[in-house]
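A.B. asks: no sequence for this one, just the structure:
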């Protein structure tokens, strides 16, 4: 598994009889699934202990551990209704596609399409420090939430007082509140105050 691998979806089920399978992407814009021709599969979190990882052909088998990734060479991936369907050079028929059900899909971050100006992948924002214009620390990005028309940064700030739970803040990720995103510096500057 590449060091920069990111989980981007799960295999839902077989699709058709020729080895295609249905994918449930984690993003409403699954460009990463379309741009990568190498998907790494791991079994579902709910996999049975000791179960073998999903495999397609003997050449694609992982060793004997259920936590070893399986490389799947993708021939084609495309939108279909509210999901994505794909086929692999390693999956010849419906039975092999059904064996992949529940597998988690990882792709290298380096294979993601380049984001446009003022566009960011959520995975790149996770863990960034957030400060306001005055330099006051507001916390770190622990999650992002889509509310339909906008995305919201969910921050967590550890309290300086012992025994107090972390403070959680939510800041809309819109230009009215976001002044600057510095990915190399791992910092977001916002127009926000501690008492908002």
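C.D. replies: Perfect, I can see it now. Everything numeric here is computed off the predicted structure, so don't read it as measured data.

A.B. asks: Strands along the chain, start to end?
C.D. replies: Under the criterion DSSP state E, strands of the chain are mapped to 5-15, 20-25, 38-42, 70-80, 83-88, 104-108, 129-132, 137-146, 151-157, 167-172, 178-182, 187-190.

A.B. asks: List the buried residues in stretch 30-43.
C.D. replies: For stretch 30-43, a neighbour-count test (16 or more other C-beta atoms under 10 Å) marks 30, 32, 33, 34, 36, 39, 40, 41, 42, 43 as buried. Heads up, the C-betas are built off the backbone N, CA and C, glycines and all.

A.B. asks: Reformat these as CSV; add distance to residue 100 and pLDDT.
C.D. replies: Below are those laid out as CSV (distance: C-beta to C-beta, whole Å; pLDDT from 0 to 100):
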residue, distance to residue 100, pLDDT
30, 17, 86
32, 18, 88
33, 14, 91
34, 18, 93
36, 16, 93
39, 10, 96
40, 12, 96
41, 7, 96
42, 11, 94
43, 10, 91
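
A.B. asks: of the residues you listed, closest to residue 147?
C.D. replies: Residue 147 lies nearest to residue 30 out of the buried residues of stretch 30-43, by C-beta to C-beta, at 19.9 Å.

A.B. asks: The closest one touches residue 36, doesn't it?
C.D. replies: No. Counting by C-beta atoms under 8 Å, residue 30 sits too far from residue 36 to count as a contact (10.5 Å).

A.B. asks: Residue ranges in the chain under the pLDDT threshold?
C.D. replies: Low-confidence segments of the chain (pLDDT under 70): 45-66.

A.B. asks: Go again with 80.
C.D. replies: Scanning the chain for pLDDT under 80 picks out 28-29, 45-67, 148, 159-163.

A.B. asks: care to break it down by domain?
C.D. replies: Using automatic domain parsing, the domain parsing of the chain gives 5-111, 122-190.

A.B. asks: Would you tell me which one of those domains is buried the most?
C.D. replies: Among these, domain 5-111 has the highest mean neighbour count (mean count of other C-beta atoms under 10 Å), at a mean of 17.

A.B. asks: Now do that one: distance from first to last residue.
C.D. replies: 10 Å (C-alpha to C-alpha, to the nearest Å).

A.B. asks: just stretch 161-169 next, same as before
C.D. replies: 17 Å.

A.B. asks: For that stretch, what is the distance to the chain centroid?
C.D. replies: 28 Å (C-alpha atoms, centre = their mean, to the nearest Å).
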